[in-house]
Structures are given as structure tokens and as C-alpha cells.
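[1] how does the following fold in three dimensions:
(chains A and B)
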Amino acid sequence: MTNKDASFLLGACRPNGADSSDPEFAAALAQAASDPALKAWFDDQRRFDSGIAAAIQSIPVPADLRSRILTGGRVSKPLPWFSVRHLMAIAATLLLFLGLGGWYGGYVHRPQPWQEQALATLSALVSGQASFDAKSPDLSTLKRYLQQVGSPVAAMLPPSLQHLASLGCKTISWEGHPISIISFHGPGGEMVHLAMTDRAALQNPPPEGAPRYAAIHGWRTASWSQGGMAMMLITKAPESQLRSILAFLP
Amino acid sequence: MAGFAGGQTVAAPDFEQIVDAHYEALYRFALSLARSEPSAADLTQQTFYLWASRGHQLRDAAKVKSWLFTTLYREFLSLHRRDSRFPQADLEGETADLPAEGGSIADSIDGATVVAALQQIDDVYRAPLTLFYLEQFSYREIAAVLGVPAGTVMSRLSRGKALLRKLLLQGTDTTRKIIPMESPPMPKGGTQ
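    Sure, this is the predicted structure:
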């Protein structure tokens, strides 16, 4: 093994000695112990590596990050299996009653993972545990920002949203697929949020045409697909407000 | 404390334990990738939200750390890979057999200076370098986290360290020394 080969291997040897018993490094370490030139290089490399490692490991972490993660995690955590079963039983019973009554409006709806992801982010946003990527009262500015960062933006947004003052936007990722969220000041004072993602990325996308309304984790949602985009309008306001915003959906 | 793993009541670490064990290293990794503290914090939070929402599917508790770092890296790539506004550095002159001297430059260096230098380096080198210096993963484990062959990690560590050393030797005002390139430099030997 040449010294260059040995230095190539030893460059992957951690400075804290965690790799010193790795047989992959044994020959190179032995050579470094007996060859003065390689030893000088390795000593210098270790000194450099130790200094850099210490510097990186001393980078301060935001004081509130831990509490924000713990709070956000509680919002995101899945329901225990027994609860899911109970909820499914309740949902089945509700469906039965609603079906018997001849009423079907999509109230009982199991959210898709991308929707759960968007709602968890919204919970973090409204509680101050997360922040917008960009803020502007001008919707076109936010759309332009989202396009610049490669996040999806529907070619046609619900017309009523165009008249609302926007607040900010955020890009999140679900299984590698970007989801765009734009928040607006709603007409009744409650905020209204629009989440968008590529419909083709979803196994079970919302229907084309008429929105499907649902109540999920305390949010009112309306989901639909349009022009290759899956969209979800979200608010804490009554469902009637979602329906009025989407009344003129193209 | 009860875990969040649904019906799995066996000794899996709970969410708080997992956060305490890994959030600082994850944040430092995210900071080197994301180039800003708010983005790094967001990326770290997002990783734990993903764990909270589906990490319970991972049955092997020993793989939690790898899962978290891999997920953070994929999240970063999915959001930022197309962002090529940042300059990449010239690696010319990094071919000496045993490029020595300058190890002492790191003796009293601070984290902010190292991060500033790392952020001048292309993602391809920055990610393995940061994981290496966090010292929590062997080069084979770094390869698994980044999804590249082990030999590629060695190549990237070698070239990345040479570049980092060069940038630190040039001083903290590195921007004037950076030479934009049309495409990222590829390690020798045909690795990725």
C-alpha cells in the first residue's frame, strides 16, 4: 500500500478513535506507525480533525428547539391502535346512521398522510412552534416565492381566495414530495389555509370536481383535485365559510 | 413514560428519549446543510414530526439514529437540491500525495467559523464531512445515511477535508477566494 492509499483510508478514520479497531484500517494504521512521513501526515490530520470535530460539536442549539420538537411531536403522533379501532367502530356506526338517514356529506373521512402532515405543520404554525418561509400580504408574491423554490402552486386558485389578504407561505415535504401551504386572513376573522401538492404523488388523491368536506383534528377541511394538483382548504371556522369560499370553484 | 408506539409496549425508547438523544446532533447536521438557523431548526423539527407520525413503524430501536439522519438528509434534498445559487469551490491543487501542515489551524477554531467554511462547500462534500465530524457514524454508516457506496464516502471525505482545510487557511473571508464552477467537481476514481 502506498502512503497515498493509506492516507486515503485514514482520512475516514474518526478522530475520537471509534474506528481504531476496524479491520479496514488496520494495515493503514500499522503503516502510519512505522512510516515517518505517513505518521507526520496522520498526526497533522488528526489534529485538524479533532479541532474541527470539537468546533462542530460545540455549535449552540436554539434553547427552545427541544420544547418545540416535543410539542410538535405530540401534535403529530399517531393514535394508538386501540383508539384507531374504537374510532373506526364509531365511524362505522356513524356512517350507518348517516346512511340510513339518507345523508352523506363526507363528514367522516380518514385523512391521508399528506393531509396529516399539512395539518401537523399548520398546528405548529398557529401555535408559534414553526414559522413561515415567506410572509407577504400579496398572494402573487407568495406564489412567485413558492415557484422559485420548486414548490407546487396550482395554476388556478379558488377565485374567492384572490380577494383575501395573504399572510405567509411554507413549504414542507411528504415522502420527498413538496407540499405548499399558503395562509390567508379569512373573511370571518379565522385564518384560512390552502395546502397543495402534486396529485400524481398520491395513492389516494381527493376527487376531481366537487370538494370533499371533513372534520379532522379540530380543523374543517375541503379537499379536491384540479389540474393535476391535490388541494385542501383548511380553517378553524365553521364549514359554511369553506363552502362560501369554494362556491365559485371553477 | 409510555411510548407513542401504539400497541408496541416493549422497551422501545419513547419520543422524549429519542429527541434528547439526537436533536442536538441533528440540528448541527441540519445547520451545515441548510445554511440558516431557522431553516435548520425547521428541518430538525420536521424530521421529528415525521418520526412521530410514522417512525413507530421502525421496529429495530437500534436503527433510530440512522433513520433520523437519513430522513433529515432526504428532506433537505427534496427541498433544496435544485437550489444551485451557491458557488462551488475550486479543488485544483488538492492532489499532493500527503498534503500536510495546517492541522494547527483547527486548534482554537470556533463552530461558527467552521460552519461558515463548510457552507462554501458543495452539498456533495458537506454532508459526509459534517456526519464525519459529528463522530456518531462510521464511514460505512455515513454511506448508508447518504445512500452512496462506502468508497464514495472516503473519496468525498478526502476531497472535502482538503477543501475545508484550504478554506480555513485562507481565512474567514473565504468568499473572494471561491471560484464558481459550471458543475460540481467529481472525486477521482469514478465514484459518485
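
[2] burial measure for the residue in chain A positioned nearest to chain B, as a count.
    At 2.6 Å from chain B, residue A:51 is the closest residue in chain A, using Cβ to the nearest Cβ. C-betas here are computed from N, CA, C, even on glycine. Residues contacting residue A:51 under the criterion other Cβ atoms under 10 Å in any protein chain shown number 21.

[3] same thing with residue A:156?
    When neighbours are defined as other Cβ under 10 Å, residue A:156 has 10 of them.

[4] with residue A:238 instead?
    Neighbours around residue A:238, by other Cβ under 10 Å: 12.

[5] hmm, who's touching the worst-scoring helix or strand of chain B on mean pLDDT?
    When each helix and strand of chain B is scored by mean pLDDT, DSSP states H and E, helix B:37-54 comes last, with a mean of 84. With contact meaning Cβ atoms under 8 Å, 6 or more residues apart in numbering or on different chains, helix B:37-54 is reached by A:62, A:65, A:68-69, A:72-78, A:113, A:116-117, A:120-121, A:124, A:129-131, A:172-173, B:4, B:15, B:18-19, B:23, B:26-27, B:30-31, B:33-34, B:64, B:67-68, B:71-72, B:75-76.

[6] now, the residues you listed that are in helices?
    A:65, A:68-69, A:72-76, A:113, A:116-117, A:120-121, A:124, B:15, B:18-19, B:23, B:26-27, B:30-31, B:33-34, B:64, B:67-68, B:71-72, B:75-76 (DSSP state H).

[7] before we move on, back to that, in what helix or strand does the residue of chain A closest to chain B lie?
    Assigned by DSSP states H and E, residue A:51 falls within helix A:36-57.

[8] do residue A:197 as well
    strand A:191-198.

[9] can you list the buried residues in that strand?
    A:191-197 (16 or more other Cβ atoms under 10 Å in any protein chain shown).

[10] let's have those residues in a markdown table, adding pLDDT and distance to residue A:146.
    Converted to a markdown table, the buried residues of strand A:191-198 look like this (pLDDT from 0 to 100; distance: Cβ to Cβ, whole Å):
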| residue | pLDDT | distance to residue A:146 |
| --- | --- | --- |
| A:191 | 85 | 18 |
| A:192 | 90 | 17 |
| A:193 | 92 | 14 |
| A:194 | 94 | 11 |
| A:195 | 94 | 12 |
| A:196 | 94 | 9 |
| A:197 | 93 | 12 |
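
[11] lowest average confidence, helix or strand, in chain A?
    Going by mean pLDDT, DSSP H and E, chain A bottoms out at helix A:81-100, a mean of 55.

[12] which SS class is residue B:109?
    Following DSSP: H, G, I helix; E, B strand; the rest coil, residue B:109 is assigned to coil.

[13] wait, what's in contact with the nearest residue to it once chain neighbours are set aside?
    In space, and not counting its chain neighbours, residue B:109 is closest to residue A:55: 5.0 Å by Cβ to Cβ, 6 or more residues apart in numbering or on different chains. Listed by Cβ under 8 Å, 6+ apart, the contact set of residue A:55 reads B:106, B:109-111, B:113-114.

[14] show me the two of the residues you listed that sit farthest apart.
    Greatest spacing in the contacts of residue A:55, by Cβ to Cβ: B:106 and B:111 (11.5 Å).

[15] neighbour count: these two, which is higher?
    residue B:106 (21 against 17).

[16] tell me how far stretch A:193-209 is from the chain's mean position?
    15 Å (Cα atoms, centre = their mean, to the nearest Å).

[17] and stretch A:241-250, by the same measure?
    Distance of stretch A:241-250 from its chain centroid, counting by Cα atoms, centre = their mean, is 27 Å.

[18] buried set for that stretch?
    A:241-242, A:245-246, A:249.

[19] run through who's touching that stretch.
    Residues outside stretch A:241-250 that contact it (Cβ under 8 Å, 6+ apart): A:156, A:158-161, A:186-188, A:190, A:192, A:211, A:213, A:220-222, A:224, A:226, A:233, A:235.

[20] hmm, try it at 6 Å
    Applying Cβ atoms under 6 Å, 6 or more residues apart in numbering or on different chains, the contact partners of stretch A:241-250 are A:156, A:158-160, A:188, A:211, A:220, A:222, A:233.

[21] so which of these belong to strands?
    Residues from those lying in strands, with DSSP state E as the criterion: A:220, A:222, A:233.

[22] got the buried residues for the least confident helix or strand of chain B?
    For helix B:37-54, a neighbour-count test (16+ other Cβ under 10 Å) marks B:37, B:39-54 as buried.

[23] and what of stretch B:129-147?
    B:129-139, B:141-146.

[24] and these near chain A, which?
    Filtering the buried residues of stretch B:129-147 for proximity to chain A (criterion: Cβ under 6 Å from any Cβ of the partner chain) leaves B:133, B:135, B:138-139.

[25] could you list the low-confidence segments of chain B?
    Counting by pLDDT under 70, chain B contains low-confidence residues at B:1-13, B:54-59, B:80-104, B:106, B:172-192.

[26] so what sits opposite residue A:224 in the bridge?
    Beta bridges link residue A:224 to residue A:231, judged by DSSP bridges.

[27] pLDDT at it, what is it?
    Residue A:224 carries a pLDDT value of 91.

[28] which residues touch it?
    Residue A:224 sits next to A:206, A:211, A:231 when contact means Cβ under 6 Å, 6+ apart.

[29] residues touching residue A:146, list them.
    A:153, A:169, A:180 are the contacts of residue A:146 under Cβ under 6 Å, 6+ apart.

[30] how about the second one, secondary structure?
    Yep, that's residue A:169 we're talking about. Following three-state DSSP, residue A:169 is assigned to strand.

[31] likewise the last one?
    Per three-state DSSP, the secondary structure class of residue A:180 is strand.

[32] is the helix or strand harbouring residue B:152 positioned near chain A?
    Secondary-structure element containing residue B:152, defined by DSSP H and E: helix B:150-170. Yes - Helix B:150-170 lies within reach of chain A by Cβ under 6 Å from any Cβ, at B:154, B:157-158.

[33] list the buried residues in that helix.
    For helix B:150-170, burial by neighbour count (16+ other Cβ under 10 Å) applies to B:150-168.

[34] which strands and helices sit next to it?
    Using 3 or more Cβ pairs under 6 Å, 6 or more residues apart in numbering or on different chains; DSSP states H and E, the elements in contact with helix B:150-170 are helix B:111-118, helix B:123-134, helix B:139-146.

[35] which helices and strands does the first one pack with?
    The contact analysis (3+ Cβ pairs under 6 Å, 6+ apart) places helix B:111-118 against helix A:36-57, helix B:150-170.

[36] follow-up on the earlier one: ok, so of the contacts of residue A:146, who is nearest residue A:21?
    Nearest to residue A:21 among these: residue A:180, at 48.8 Å, using Cβ to Cβ.
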